[in-house]
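J.: Could you work out the structure for the sequence below:
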Amino acid sequence: MLRLCSLITLFLLLSCSAAGSKHGHDEPHDLVRSSCAHASYPAVCLRTLSSFKGAAETPRDLAQAAVNVSLSRASKVSAYLSQVSSDVNKGKSTNKRERLALSDCVEQISDSVEDLSKTLNELKHLKGDTFSWQMSNAETWVSSALTDEDTCLDGFEDVDSKVKSDVKRKIGNVARVTSNALYMLTRLDESRERPRLMP
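T.: Model prediction:
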């Protein structure tokens, strides 16, 4: 009888442990899902943040992950644009609008990368007494990055060239994740996490 009671107790303990482990494992994903529900691009948000390396367990984690995704993509597109612009100039393209649009775009996305880098650094050093000021900076920088990306897209509106579709697709992808990053920053600014951010 004693042995049976011991086995039942052991079973119950293992069951509770497994349930707790499963619940803990699901929590980060639940946070991502609930946070992405009202993002500018929910499907993109869920896909990029669910697959992001490292569990996002707080609004701050999510904001950093979202900015990280945006920065990574913007950096890759920046390198792509620089290469395309260089190739077009070496080929001495007669399409003046294409050259001008690419040149402007290279500068704009470079500025976008810089703004996103500053944002990520700010998020890594949030403090309770300067939280509002730091969040204002972060939101301003990401808004500026998004404006740069939109301006780059606008520059290709009247351009008829082979690279136009590729550039617009790549910049569009970056703009979507940047828009989602801005949304996550807004959520963080409005969250109740502020009291836990100590100097």
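J.: where along the chain do the helices fall?
T.: 2-36, 42-50, 59-90, 96-123, 131-154, 164-190 (DSSP state H).
J.: Now render those as TSV, adding mean pLDDT and mean neighbour count.
T.: For the C-beta atoms, the positions are set from N, CA and C on the backbone; glycine is no exception. Converted to TSV, the helices of the chain look like this (pLDDT from 0 to 100; neighbours: other C-beta atoms under 10 Å):
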stretch	mean pLDDT	mean neighbour count
helix 2-36	53	12
helix 42-50	93	18
helix 59-90	93	20
helix 96-123	94	20
helix 131-154	96	19
helix 164-190	94	21
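J.: Next, name the residue at the spatial heart of the chain.
T.: Ala66 (2.4 Å; C-alpha atoms, centre = their mean).
J.: Name the nearest residue to Asp158, sequence neighbours excluded.
T.: Of all residues not flanking Asp158 in the chain, Arg97 sits nearest, at 6.4 Å (C-beta to C-beta, 6 or more residues apart in numbering).
J.: Would you mind listing the residues in contact with that neighbour?
T.: Counting by C-beta atoms under 8 Å, 6 or more residues apart in numbering, Arg97 makes contact with 158-161.
J.: Most widely separated two among those residues?
T.: Using C-beta to C-beta, the contacts of Arg97 reach their maximum pairwise distance at Asp158 and Ser161, which is 10.7 Å.
J.: Compare those two and say which is more crowded by neighbours.
T.: Ser161 (17 against 8; other C-beta atoms under 10 Å).
J.: Thank you, goodbye.
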